[in-house]
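Student: whatever this is, show me its structure:
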Amino acid sequence: MSRVGKKPIPVSDKIKITYKDSVITVKGEKGSLERTIHPDIDLAITDGIINVTMVSDNRVSRALQGLTRSLVANMLTGVSKGFDRVLEINGIGYRAELKGKSILFNLGYSHPINFALPEGISASIEKNNVVKIFGIDKELLGRTAASIRQLRPPEPYKGKGIKYAEEYIQRKAGKTGTK
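Tutor: Have a look, this model is predicted:
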């Protein structure tokens, strides 16, 4: 039984919601998002509250109820407040530079890496080694942050690479080489 899916979602007055033919569209001050809802799930929108209900009661529907509730709540948060993710670049000579709708990374390879930001994602760079990315779609933002981190994942010996700001890298001791 999904406890998350049963919780109602409060909707602010500034957000406009339309739900028709299993497609929910959410418009707010930051932008607009659209998502197709699974046929086993239905949304009931009344008096500024969204309730997620199941069409049939089976294991898959119960799982989808909680998922759908979380996705719709993230859509509402995205169009009103937005989401952001902070990445840190560690290493001598490792840096990032913003060039229009792309980021140019120097990560110790023989060539710089040009990373094109997807539509709906914007970025800012502080002190050449802190990359902040912003967007209204939490899923797209997370995928973009993971793609940037994948360019040079942090290594456990010196901690060089790109990591999330809140991420802790477990450090390993190197070889001791006793004689």
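Student: any idea which helix or strand comes after the longest strand seen in the chain?
Tutor: Across the chain, the strand with the greatest residue count (assigned by DSSP state E) is strand 83-90. Per DSSP states H and E, the first helix or strand lying C-terminal to strand 83-90 is strand 95-99.
Student: contacting residues around the residue nearest to H38 when sequence neighbours are not counted?
Tutor: Distances taken as Cβ to Cβ, 6 or more residues apart in numbering put L64 closest to H38, at 5.1 Å, once the chain neighbours are dropped. All C-beta spots, glycine's among them, are computed from the backbone N, C-alpha and C. Neighbouring residues of L64 by Cβ atoms under 8 Å, 6 or more residues apart in numbering: H38, D40, I41, M54.
Student: which positions in the worst-scoring helix or strand of the chain on mean pLDDT come out as buried?
Tutor: Across the helices and strands of the chain, mean pLDDT, DSSP states H and E gives its lowest value to helix 3-6, namely a mean of 81. Residues of helix 3-6 classed as buried by neighbour count (16 or more other Cβ atoms under 10 Å): G5.
Student: which non-adjacent residue is nearest N128?
Tutor: Nearest to N128 is R95, by Cβ to Cβ, 6+ apart, at 4.1 Å.
Student: which strand residues bridge that neighbour?
Tutor: Beta-bridge pairing for R95 (DSSP bridges): N106.
Student: could you pull out the helices for the chain?
Tutor: For the chain, the helices defined by DSSP state H occupy 3-6, 59-80, 138-150.
Student: just to revisit the earlier point, report the two of the contacts of L64 separated the most.
Tutor: Using Cβ to Cβ, the contacts of L64 span at most 10.0 Å, a distance reached by H38 and M54.
Student: compare neighbour counts for these two and give me the winner.
Tutor: Set side by side, H38 and M54 show more neighbours around M54, with 17 against 14, by other Cβ atoms under 10 Å.
Student: wait, what's in contact with that one?
Tutor: G5, D40, I41, D42, S61, R62, L64, Q65.
Student: look up how far G159 lies from Q170.
Tutor: 10 Å (Cβ to Cβ, to the nearest Å).
Student: wait, I meant Y109
Tutor: Distance of Y109 to G159, given as Cβ to Cβ: 18 Å.
Student: which residues of this structure score low on pLDDT?
Tutor: Applying pLDDT under 70 to the chain flags the ranges 1-2, 179.
Student: on that earlier part again, neighbour count for Q170 and G159, which is higher?
Tutor: G159 (13 against 7).
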